[in-house]
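Visitor: Can you look at this prediction? I've put the sequence above it.
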Amino acid sequence: MSTRSLFSLPASLSLAARRRRRHALARLAVAWLAMMQVMMLAWPGYLRHSGMGVQVLETLDAAIVLMNWASLALTVPVMLYSAWPIWRGAAASLRRGRVGMEVPVALGMLAAFAPSAVATWAGHGPVYFDSATMFAAFLLTARYLALCARQSAQAGSAQAWIEARRAPLGGWADRFAGRFTAVQLGLALGAAVVWETGGGAGDTLSVVVAMLVISCPCAMAMAVPTALAAAHAAVIGRPDMPGAEVRTLAAAMERTARACLYGSLAWHLLLTPLAALGWVAPQVAAITMLASSLAVASAAWALHRRAVRGGAPLAPAPTVPSAGA
Amino acid sequence: MPILYLLLPLSLLIVLAIGVSLCWAVLSGQYDAVDEEGRAIFQDEDDAPMPLAYAEPGAATIAMEAALNRPYPNSPSCPVTSVSKSSSRNGRIASATGCNCLET
């Protein structure tokens, strides 16, 4: 473990910035706590299938209704407290009239939460509480890493240099997300029309919800902050990194962020037909979200490993002569 | 089956207690600088304030941060040669410092 890391508190941090960091961590903690509990409560729903005996199904369904109420109770604090920055960001970007990364994220979370709350109240229907809480937990983790990276950015010129790449990369990702949202809404609307007129009117809502949930803007929203945080962590880990290597690292960071964005788009295109056909169960949506988010996180991790290992053998060299002295 | 009516609310109460205490710990600043707590034991002045995590950084904080950082080079390689240097400076806790450095 090195003495400075991404999570080391910069000494010159103002009290307001420090407080913002604490609140971000508290929101993150609530989201992770609720996510783990909701996942556990969702487990009976995962096991349920129609091949079970009638009595078993009856008991299981009664238990699932109870579990859904417990999940709802755990998800409400995540939606109201943890996800508050997401709602605020989405509202601000809508007020400005520009659809950024926040809007598809808020849309996906709302599409997962609101119908699940209705289904819980009604006592039947699919619930996506596990997807909603996982969404919030992963996204807030990426945001927290990005916040730590941003706050440690004043430490050196290499970090300031990487920080300068945030605005163009984020702007590009926002435009990308705006187009993605338009396509996503269009597809969901088209599927709704087809299902409504094609005889499957009873399932229209669940198909539309599945299409919005499975689109996983989570992975998309994580792409830029995780790549930036990985690059910052690499620079903090090797303060003696030469300028040429910092430039290579910044280029690799942009490549990783773009690859993650294109990858999550491809993933979305791959799964949309399945959702449009009505084949997506809530647990599939949850697993899809988990897989795509972990893929983005591991891409950022790989970037960090490559950057740190790139010059690791060189680092102790200058200190060797002083050993004999 | 009826036992769920007792156990589920009970588990929710436990989660609530954990969540509230976790939020209190985070918001009161106990997780602000977790690496400082580990380093605090190497400080000679037991009555010195713990400025980094709990207070607005002033001149004293920055000076203390500098003092804390001195025996530990910023480089992640944390060269083994610095063990002898820092231990000769700190004197009494050479082995502990050495362990910390060799880990990296």
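Guide: Perfect, thanks for sending it. Residues are numbered from 1 along each chain as shown, chains lettered A, B, ... in the order given.

Visitor: Kindly report the residues of the stretch 51-200 of chain A close to chain B.
Guide: Taking CB under 8 Å from any CB of the partner chain as the contact definition, the stretch 51-200 of chain A meets chain B at A:59, A:62-63, A:66-67, A:69-70, A:73-74, A:77. Yep, even glycine has a C-beta here, placed from its N, CA and C like the rest.

Visitor: For these, which single residue is the most surrounded?
Guide: In terms of neighbours by other CB atoms under 10 Å in any protein chain shown, those top out with A:L74 at 25 neighbours.

Visitor: In contact with it, which residues?
Guide: Applying CB atoms under 8 Å, 6 or more residues apart in numbering or on different chains to A:L74 gives the contacts A:34, A:37-38, A:41, A:129, A:133, B:12, B:15.

Visitor: Swap in 6 Å and give it another go.
Guide: Listed by CB atoms under 6 Å, 6 or more residues apart in numbering or on different chains, the contact partners of A:L74 are A:34, A:37-38.

Visitor: do the same with A:W267
Guide: So A:W267 contacts A:S292 (CB under 6 Å, 6+ apart).

Visitor: Okay, domains of chain B per the record?
Guide: Structural domains annotated on chain B: B:34-70, B:76-104, as defined by automatic domain parsing.

Visitor: Mind telling me which of these the model trusts least?
Guide: Across those, domain B:76-104 has the smallest mean pLDDT, namely a mean of 44.

Visitor: Can you pull out the low-pLDDT segments for the stretch 51-200 of chain A?
Guide: Counting by pLDDT under 70, the stretch 51-200 of chain A has low-confidence residues at A:153-156, A:200.

Visitor: Show me the contact partners of the longest helix along chain B.
Guide: Taking residue count as the measure and DSSP state H as the definition, the longest helix of chain B comes out as helix B:3-27. Contacts with helix B:3-27, where a contact means CB under 6 Å, 6+ apart, come from A:22, A:25-26, A:29-30, A:33, A:37, A:66, A:70, A:73.

Visitor: The contacts of A:L74: which ones sit near chain B?
Guide: Filtering the contacts of A:L74 for proximity to chain B by CB under 6 Å from any CB of the partner chain leaves A:Q37.

Visitor: Out of the contacts of A:L74, which is nearest to chain B?
Guide: Set against chain B, the nearest of the contacts of A:L74 by CB to the nearest CB is A:Q37 (5.5 Å).

Visitor: Secondary structure element holding that closest one?
Guide: Applying DSSP states H and E as the criterion places A:Q37 in helix A:15-47.

Visitor: From the contact counts, what lies against that helix?
Guide: Helix A:15-47 is packed against helix A:54-77, helix A:129-151, helix B:3-27, with contacts defined by 3 or more CB pairs under 6 Å, 6 or more residues apart in numbering or on different chains; DSSP states H and E.

Visitor: What residues of that helix count as buried?
Guide: A:18, A:21-35, A:37-39, A:41-42, A:44-45 (16 or more other CB atoms under 10 Å in any protein chain shown).

Visitor: surely A:V224 meets A:D174?
Guide: No. Contact criterion CB atoms under 6 Å: A:V224 and A:D174 do not qualify, at 9.1 Å.

Visitor: which one of those two has more residues nearby?
Guide: For A:V224 against A:D174, the residue with the higher neighbour count under other CB under 10 Å is A:V224, and the figures read 31 against 17.

Visitor: quick one: contacts for that one?
Guide: With CB under 6 Å, 6+ apart as the criterion, the residues that contact A:V224 are A:169-170, A:173, A:257.

Visitor: Go through these and name the one nearest chain B.
Guide: A:A257 (24.4 Å).

Visitor: how about that closest one, secondary structure?
Guide: The three-state label for A:A257, taken from DSSP: H, G, I helix; E, B strand; the rest coil, comes out as helix.

Visitor: per-residue confidence at it?
Guide: According to the model's per-residue confidence, A:A257 sits at a pLDDT of 90.

Visitor: Within its local environment, how many residues does it see?
Guide: Using other CB under 10 Å, A:A257 has 28 other residues around it.

Visitor: That one and A:P225 touch, don't they?
Guide: No. Applying CB under 6 Å as the test, A:A257 and A:P225 come out as separate, 9.0 Å apart.

Visitor: is it true that A:A307 touches A:L249?
Guide: Yes. Contact criterion CB under 6 Å: A:A307 and A:L249 qualify, at 5.1 Å.

Visitor: Just the ones in helices from the contacts of A:V224, please.
Guide: Using DSSP H, the contacts of A:V224 in helices are A:169-170, A:173, A:257.

Visitor: so which two of those are the farthest from each other?
Guide: Looking at these by CB to CB, the two members farthest from one another are A:G170 and A:A257, with 9.3 Å of separation.

Visitor: right, and the secondary structure at B:Y31 would be what?
Guide: Secondary structure, three-state DSSP: B:Y31 is coil.

Visitor: Look up the closest residue to it, ignoring the ones flanking it.
Guide: Among residues not flanking B:Y31 along the chain, A:L25 sits closest, at 6.1 Å (CB to CB, 6 or more residues apart in numbering or on different chains).

Visitor: With A:S206 instead?
Guide: What sits nearest to A:S206 in space, not counting adjacent residues and going by CB to CB, 6+ apart, is A:P126, at 5.8 Å.

Visitor: Just say helix, strand or coil for the one you found.
Guide: coil.

Visitor: now it: how far from A:V235?
Guide: Using CB to CB, to the nearest Å, A:P126 is found at 45 Å from A:V235.

Visitor: The two: which has the busier surroundings?
Guide: Counted by other CB under 10 Å, A:P126 and A:V235 do not tie: A:V235 has more neighbours, with 29 against 18.

Visitor: With A:A302 as the reference, measure out to the more buried one.
Guide: For A:V235, the distance to A:A302 equals 16 Å [CB to CB].

Visitor: about what we covered before: make a markdown table out of the residues of the stretch 51-200 of chain A next to chain B and add distance to B:V20.
Guide: As requested, those are exported to a markdown table (distance: CB to CB, whole Å):
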| residue | distance to B:V20 |
| --- | --- |
| A:T59 | 34 |
| A:A62 | 30 |
| A:A63 | 27 |
| A:L66 | 23 |
| A:M67 | 23 |
| A:W69 | 21 |
| A:A70 | 18 |
| A:A73 | 14 |
| A:L74 | 14 |
| A:P77 | 10 |
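
Visitor: Out of the residues you listed, the closest to A:P273 would be?
Guide: Proximity to A:P273 was ranked across those by CB to CB; first place goes to A:M67, at 30.8 Å.
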